[in-house]
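Engineer: 3D model of this:
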Amino acid sequence: MTSNKPLIFLGSNVAISQFAETAQDLNIEVAGIIDGDYYGNTESIDGIPIIDSEQSFNDAEKLEYYRQNYVFFCATNWIPQDDAVSKRNKEKRHRLIDLIDQSDLPCMNIIDPRAKIHSSTKLGKGIYIDSFALVDPNVTIGDYTTVYAFSGLGHGSTFGRNCVIQRHISITGDVTFGDNVFLGTACKILKTGVTISSGTFVHEAIYLKRGTIENEIISRNGVNTKRVLHREELEVA
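Structural biologist: From the prediction side, this is the model:
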């Protein structure tokens, strides 16, 4: 994927250089970051200059300038935890995504050239797919979803908006994901045809053989990091 316009990151995170390096691998110029509040950083983050604040989009003339001359990518990450920083980042990401949509900002995908994406894959916008991810045929990935390295998305699966698929995850075929689903590192969805409902949080290293209910949190007990959960009464077809 290439762009003939420079890329601006909307928002930031401590690992933003990963997005920037992938963009550069795709021969996309990184113009900088627009972020009015990143924990006191006002000049640069990982060597990427902060060029403006998102509040500047309140100026119609400046908004039109950015819309015509740049492409955007929401770079604020989120994790579904209850500490103050995580809550702040999650709220900020939702706010910036709304800003992209409501302001009709051109928003690109960043896909590492080392990922394997089948030609039948349907992609939304604002998606990040990391190195060595494998996407099988007839998969649909919704807007603003992130797929990290060494994860496999099974054939015919559908991913909603703003999901996070962490590293080393395996997903069998024909699984339907709602919006804002977070799968922790090294977990596996092992049953074909289930629904992982919106707001689900699956902790790391869990093997799941059922669907979930909305906003369900699935965590491991004790020291067994590969406990297989199998509660048919909660299965979602």
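Engineer: Just the C-alpha atoms of the lengthiest helix in the chain, please, in CSV.
Structural biologist: For the chain, the helix with the greatest residue count under DSSP state H is helix 84-103. Output of helix 84-103 as CSV, limited to C-alpha atoms (Å, rounded to 0.1, in the frame of the first residue of the first chain):
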residue,chain,number,x,y,z
ALA,A,84,-6.4,5.7,35.0
VAL,A,85,-4.0,5.7,32.1
SER,A,86,-5.7,2.9,30.3
LYS,A,87,-9.1,4.5,30.7
ARG,A,88,-7.7,7.8,29.5
ASN,A,89,-6.2,6.2,26.4
LYS,A,90,-9.3,4.3,25.6
GLU,A,91,-11.5,7.4,25.8
LYS,A,92,-9.0,9.3,23.7
ARG,A,93,-8.9,6.7,21.0
HIS,A,94,-12.6,6.7,20.7
ARG,A,95,-12.7,10.5,20.6
LEU,A,96,-10.0,10.6,17.8
ILE,A,97,-11.8,8.0,15.8
ASP,A,98,-15.0,10.1,16.0
LEU,A,99,-13.0,13.1,14.9
ILE,A,100,-11.7,11.3,11.8
ASP,A,101,-15.2,10.1,10.9
GLN,A,102,-17.0,13.4,11.6
SER,A,103,-14.4,15.5,9.9
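Engineer: For the protein, give me the ranges with low pLDDT.
Structural biologist: 1-2, 221-237 (pLDDT under 70).
Engineer: can we see that at 50?
Structural biologist: Applying pLDDT under 50 to the chain picks out residues 1, 222-228, 230-237.
Engineer: what's the domain layout of it?
Structural biologist: Following automatic domain parsing, one gets these domains for the chain: 7-103, 110-237.
Engineer: Out of these, which one sits most buried?
Structural biologist: domain 110-237 (a mean of 18; mean count of other C-beta atoms under 10 Å). Backbone N, C-alpha and C define where each C-beta goes, glycine included.
Engineer: just to revisit the earlier point, show me what the longest helix of the chain is packed against.
Structural biologist: Applying 3 or more C-beta pairs under 8 Å, 6 or more residues apart in numbering; DSSP states H and E, one finds that helix 84-103 makes contact with strand 7-10, strand 71-74.
Engineer: now what about the last one, what contacts it?
Structural biologist: So the one you mean is strand 71-74. 3, 5-11, 19, 23, 66, 93, 96-97, 100, 105-108, 110, 126, 128, 144 (C-beta atoms under 8 Å, 6 or more residues apart in numbering).
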